[in-house]
Structure formats: structure tokens, C-alpha cells
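*Asks:* Make a model of this:
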Amino acid sequence: MLRQLVTSALLYTSLAVCAIAADWSDVEALREGDMKKLMFTSDPKPVPSTPFETFDGAPLTLEAYRGDWVALNFWATWCAPCRHEMPMLSNLARSFEGKGLQVVTIATGRNAPQGMVRFFEEIGVDNLPLHRDPKQKLARQMAVLGLPITVIIDPEGNEVARMRGDAVWDSDSAIAILEALQARPAS
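*Replies:* Sure thing, here's the model as predicted:
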């Protein structure tokens, strides 16, 4: 009898541990085109509380976006793929306005504020935040190697997916993925 209880307890524990690992197969099936580069994590981890800056230099953390899904994009004024991608992120933000998804952009490294404004003006983007991470503290904490990088963060503040390189963020596939993520039950 004791052996049966121990075996049952071990089996239950094993099943519980397996259930904890995130299963994104339903969402991953929606990846087409550029979105195939979007990699989901099997073990969502909290994003760091490392502060970055608003355009005016006020400190801010990702905690400010808790409760919403976040598409967090790291970029720089000198980054050609960022220039290509940013208008699509702008369109994505418009598509999800008021629908529980925030598109947050953070210029990481040495990006002069005037250069950031000029960058957005030249590409016609007027609806995304001009946040800064001038010393790359948050970027380093989040293992941002190369630009652009877009990180998908759930409403509880956990990284669930990451895209290295630029992508068509206003594509049918990107929108379907983000809508599917929003439709999933909270963890």
C-alpha cells in the first residue's frame, strides 16, 4: 500500500511538473513568414526590474506595463533593420490600441534624443514611445545581443517569446499570434 502511494505521488508530481512547462504549440502553429523567427520559451521567466528612461529622462520599469501584453522592441537610430521594422510596429500598436497590448520601444545605447525624434519623423511614426536605455542596463539584463530584438511579455511580467531581427509586425500572422496569446488563460 505504501509503495502504491509513493508511486502515485511520484506520478502526480511528474505530471504536475510537465504541466508547468509552457506549451505554445497552438500559438506556434500560427507562425508564417517572418514570424517563424519568433521563438517561444518553455519556461517563462520574469523580466528584470532594471530601470530605463522616458524621453525626458524620468526612470521607468517594465512593471508600469503589468496587466497588459507587451511587445517590447529594442532599437537604435543607426540600425537599418530597425528603420524598416518600426512603421510596422506602429501599425501593430494602432491595431491593438485599447485591446490590452502595449507596443513599447526602447532605444538602447548611444542615441541622441534629437536623433531619436528625427528617426521617428523620417519614417512617419508618431504613436510609439521614445524610451531610452542609454547605458544598456536593461538590454544587458535581458540578453539583447544585436538589434532589433522584440520580446513578448505576458500580463504577469514574464518573457514568453523573443524575435531576433526585424519582422513584419502588422502581418496577419503576427496579429493572429498576439490575439491567440491574449485569448490564453492566465498562468
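*Asks:* any idea which helix or strand carries Phe55?
*Replies:* For Phe55, there is no host helix or strand (DSSP states H and E).
*Asks:* check contacts around the residue nearest to it when sequence neighbours are not counted.
*Replies:* Spatially, and ignoring its direct neighbours in sequence, Phe55 is nearest to Leu130 (4.1 Å; Cβ to Cβ, 6 or more residues apart in numbering). (Glycine included, C-beta is placed from N, CA and C.) By Cβ atoms under 8 Å, 6 or more residues apart in numbering, the residues touching Leu130 are Thr54, Phe55, Thr105, Ala107, Pro113, Met116, Val117, Phe120.
*Asks:* among those, which ones are buried?
*Replies:* Buried residues within those, defined by neighbour count using 16 or more other Cβ atoms under 10 Å: Thr105, Ala107, Met116, Phe120.
*Asks:* Identify the bridge partners of the first one.
*Replies:* Taking DSSP bridges, one finds Asn73 as the beta-bridge partners of Thr105.
*Asks:* immediately after the worst-scoring helix or strand of the chain on mean pLDDT, which helix or strand?
*Replies:* In the chain, no helix or strand scores lower on mean pLDDT, DSSP states H and E than helix 2-20, which sits at a mean of 40. Toward the C-terminal end, the helix or strand that comes next after helix 2-20 (DSSP H and E) is helix 25-28.
*Asks:* Pull out the buried positions in that following helix.
*Replies:* Using 16+ other Cβ under 10 Å as the test for burial, helix 25-28 gives Val27, Glu28.
*Asks:* Output the contacting helices and strands for the helix or strand hosting Glu159.
*Replies:* Using DSSP H and E, the element containing Glu159 is strand 158-164. The helices and strands touching strand 158-164, judged by 3 or more Cβ pairs under 8 Å, 6 or more residues apart in numbering; DSSP states H and E, are strand 39-46, strand 149-153.
*Asks:* among these, which is the most enclosed?
*Replies:* strand 149-153 (a mean of 23; mean count of other Cβ atoms under 10 Å).
*Asks:* and Cys79, how many residues sit next to it?
*Replies:* 21 (other Cβ atoms under 10 Å).
*Asks:* unless I'm mixing things up, it is touching Ile149, no?
*Replies:* No - in this structure, Cys79 is not within contact of Ile149 by Cβ atoms under 8 Å, at 10.4 Å.
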